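Q: the following comprises the amino acid sequence and a computationally predicted model.
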Amino acid sequence: MATDDRTPASTTEALRDAVRTVLLADGRRTTLDDRMADLLVPGIAVVVVSGGTPVLELARGTTPGGSPMSTDTVLQVGSVSKPIAAVAAAALAAAGALSWDGPVTDALTGYDLPLDDAAPEDVTIARLLSHTGGTNVDGFLGYASTESAPTSTDVLAGRGDSDAVEVVTTPGSEPRYSGGGYQIVEQAIVESCRGESFDEVVRRVAFAPAGMTDSFCSLDPPAELLDRVSEGSVNGERLEHGWQRHPEHAAAGVWSTAGDLGRFLVAFNASLAGADDVLLPTDWSRRLVDAVAPFDRSGPYAAVGTGWFLDDDTSPTVYGHTGRNIGYSAEIAGTTDGRFGVAVVTNALPGGTELARDVIRAVADRQRWT
């Protein structure tokens with residue numbers, strides 16, 4: 001391993017200082033504790049990855065119920081579910097168990113996707129994962145933990161609290177952010193892997209290879225993990241029912257920890273750097289961080305990849321994804337050369353989003369990502 005000032009051995013304390021004095025978008029710095037107070041974030045957990053290993057784990061604050069936050073605290077990660085789903089789909093495609101560029105409708109025996117004027121062969125897994133499949137439904141609000149939730153096919157058909165998922169623009173044209181497209185991918189994966197739930201498939205092809213033992217796709221956390229679960233908060237106030245239930249697992253339904261997301265980044269970065277046998281074959285992981293199209297969206301990203309957003313539409317150096325569910329915010333990001341990464345989870349909306357980006361900005365500045 002190289003021994004410059006960006007190696008794990010020489011930067012742990014500097015990284016700790018960077019996280020404790022976050023970097024704002026306007027270039028100012030402030031303390032993490034002050035920023036948490038300003039943004040009404042009860043708790044945050046951070047894992048920084050460098051050189052193929054986690055080099056810093058840091059947590060601050062508490063759950064809304066008063067328990068200390070840690071990097072093992074279990075939370076919803078919102079749309080950070082999407083790159084995990086993309087890795088799972090790529091792993092299945094690489095193994096020949098799922099068609100990547102063929103018509104997704106071939107896998108949908110249990111759901112008839114409304115295509116409008118689109119040809120079936122134009123709507124593919126690859127396009128749905130890059131938000132260029134032409135589908136609608138931006139995101140999902142979920143259902144209170146005291147309520148029943150619809151099935152995957154009910155969500156697709158609009159029998160929940162969101163519209164029916166349809167192809168409404170020309171596939172392959174300008175990106176349109178679509179959680180609905182990921183719901184189609186989820187359904188295609190389940191139908192292609194007959195006899196397995198989406199959670200079982202993702203555990204087998206993504207969570208287990210990455211060593212993510214505390215991550216799962218379910219409406220509620222399992223009983224054995226409840227003592228480590230953080231409830232969500234909105235504007236500093238604990239959600240009365242604790243959390244929302246998300247049957248839209250691929251789009252927004254993953255529960256995880258900062259520690260597990262750090263392990264996910266380690267595994268993904270290893271595959272980017274040439275380790276074919278860790279998470280994905282290298283050519284498949286590289287495919288996910290290739291720019292598909294420019295994307296004009298607020299935040300630090302300028303282009304869509306496949307499952308990821310990217311900092312540039314021609315030569316991206318940074319990949320990442322934001323996650324926002326009611327009560328939770330998260331963000332993970334890394335460098336396309338496989339060297340660096342950072343995972344941030346919070347139990348707050350909306351302030352957790354801004355705080356996570358302040359932390360990532362500080363880490364990227366210290367590690368000199370660009």
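A: Yep, it's here.
Q: on contacts alone, who are the packing partners of the helix of greatest length in the chain?
A: Assignment by DSSP state H gives helix 351-367 as the longest helix of the chain. Under the contact definition 3 or more Cβ pairs under 8 Å, 6 or more residues apart in numbering; DSSP states H and E, helix 351-367 sits against helix 8-20, strand 21-23, helix 32-39, strand 43-50, strand 318-325, strand 328-335, strand 340-346. From N, CA and C alone the C-beta is placed, and that goes for glycine too.
Q: quick one: contacts of the shortest one?
A: Right, strand 21-23. Under the criterion Cβ atoms under 8 Å, 6 or more residues apart in numbering, residues R29, T30, T31, L32, R35, L355, D358, V359, R361, A362, D365 lie in contact with strand 21-23.
Q: just the buried members of the residues you listed?
A: The neighbour count (16 or more other Cβ atoms under 10 Å) marks L32, R35, L355, D358, V359, R361, A362 as buried among the contacts of strand 21-23.
Q: farthest-separated two in those residues?
A: Comparing every pair within the buried ones among the contacts of strand 21-23 by Cβ to Cβ identifies L32 and R361 as the most remote, at 12.4 Å.
Q: which residues are in contact with Q183?
A: Q183 makes contacts with V137, S152, V155, L156, V165, E248, A250, A251, as judged by Cβ under 8 Å, 6+ apart.
Q: one step back: and the helices and strands packed on helix 351-367 as JSON lines, adding mean pLDDT and distance to S173?
A: Formatted as JSON lines, the helices and strands packed on helix 351-367 follow (pLDDT from 0 to 100; distance: least, Cβ to Cβ, whole Å):
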{"stretch": "helix 8-20", "mean pLDDT": "79", "distance to S173": "40"}
{"stretch": "strand 21-23", "mean pLDDT": "96", "distance to S173": "36"}
{"stretch": "helix 32-39", "mean pLDDT": "98", "distance to S173": "37"}
{"stretch": "strand 43-50", "mean pLDDT": "97", "distance to S173": "35"}
{"stretch": "strand 318-325", "mean pLDDT": "98", "distance to S173": "22"}
{"stretch": "strand 328-335", "mean pLDDT": "98", "distance to S173": "27"}
{"stretch": "strand 340-346", "mean pLDDT": "98", "distance to S173": "32"}
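Q: between the contacts of strand 21-23, which is closest to S178?
A: Comparing those against S178 with Cβ to Cβ places L355 closest, at 26.6 Å.
Q: residues contacting the closest one?
A: Counting by Cβ under 8 Å, 6+ apart, L355 has contacts V22, R35, M36, L39, V41, I44, S329, V344, T346, A348.
Q: the bottom helix or strand of the chain by mean pLDDT?
A: Using mean pLDDT, DSSP states H and E, the weakest-scoring helix or strand in the chain turns out to be helix 8-20, at a mean of 79.
Q: got the CA positions of that helix in PDB?
A: Output of helix 8-20 as PDB, limited to C-alpha atoms (Å, rounded to 0.1, in the frame of the first residue of the first chain):
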ATOM      1  CA  PRO A   8      -5.200   4.900   6.400                       C
ATOM      2  CA  ALA A   9      -2.300   4.900   8.900                       C
ATOM      3  CA  SER A  10      -1.600   8.600   8.500                       C
ATOM      4  CA  THR A  11      -5.100  10.000   8.100                       C
ATOM      5  CA  THR A  12      -7.300   8.500  10.800                       C
ATOM      6  CA  GLU A  13      -6.900  11.500  13.200                       C
ATOM      7  CA  ALA A  14      -7.000  14.000  10.400                       C
ATOM      8  CA  LEU A  15     -10.200  12.400   9.100                       C
ATOM      9  CA  ARG A  16     -11.700  12.400  12.600                       C
ATOM     10  CA  ASP A  17     -11.000  16.100  12.800                       C
ATOM     11  CA  ALA A  18     -12.500  16.700   9.300                       C
ATOM     12  CA  VAL A  19     -15.700  14.900  10.400                       C
ATOM     13  CA  ARG A  20     -15.800  16.800  13.600                       C
END
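Q: which positions in that helix come out as buried?
A: Within helix 8-20, the residues that qualify as buried are P8, T11, L15, R16, A18, V19, counting by 16+ other Cβ under 10 Å.
Q: where do the helices sit along the stretch 51-200 of the chain?
A: Assigned helices in the stretch 51-200 of the chain, in chain order: 81-94, 125-129, 152-156, 179-192, 198-202 (criterion: DSSP state H, counting those that start in this stretch).
Q: what would those helices look like in JSON lines with distance to T213 and mean pLDDT?
A: Below are the helices of the stretch 51-200 of the chain laid out as JSON lines (distance: least, Cβ to Cβ, whole Å; pLDDT from 0 to 100):
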{"stretch": "helix 81-94", "distance to T213": "14", "mean pLDDT": "98"}
{"stretch": "helix 125-129", "distance to T213": "25", "mean pLDDT": "98"}
{"stretch": "helix 152-156", "distance to T213": "25", "mean pLDDT": "95"}
{"stretch": "helix 179-192", "distance to T213": "21", "mean pLDDT": "97"}
{"stretch": "helix 198-202", "distance to T213": "13", "mean pLDDT": "98"}
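Q: what sits closest to G61 if chain neighbours are left out?
A: Closest residue in space to G61, ignoring its immediate chain neighbours: G43 at 3.7 Å, by Cβ to Cβ, 6 or more residues apart in numbering.
Q: give the contact list for the one you found.
A: Counting by Cβ under 8 Å, 6+ apart, the residues that G43 touches are A59, R60, G61, T62, T63, P64, M69, T73, S230, T346, N347, A348.
Q: ok, it to G179 distance?
A: Taking Cβ to Cβ, to the nearest Å as the measure, G43 falls 26 Å from G179.
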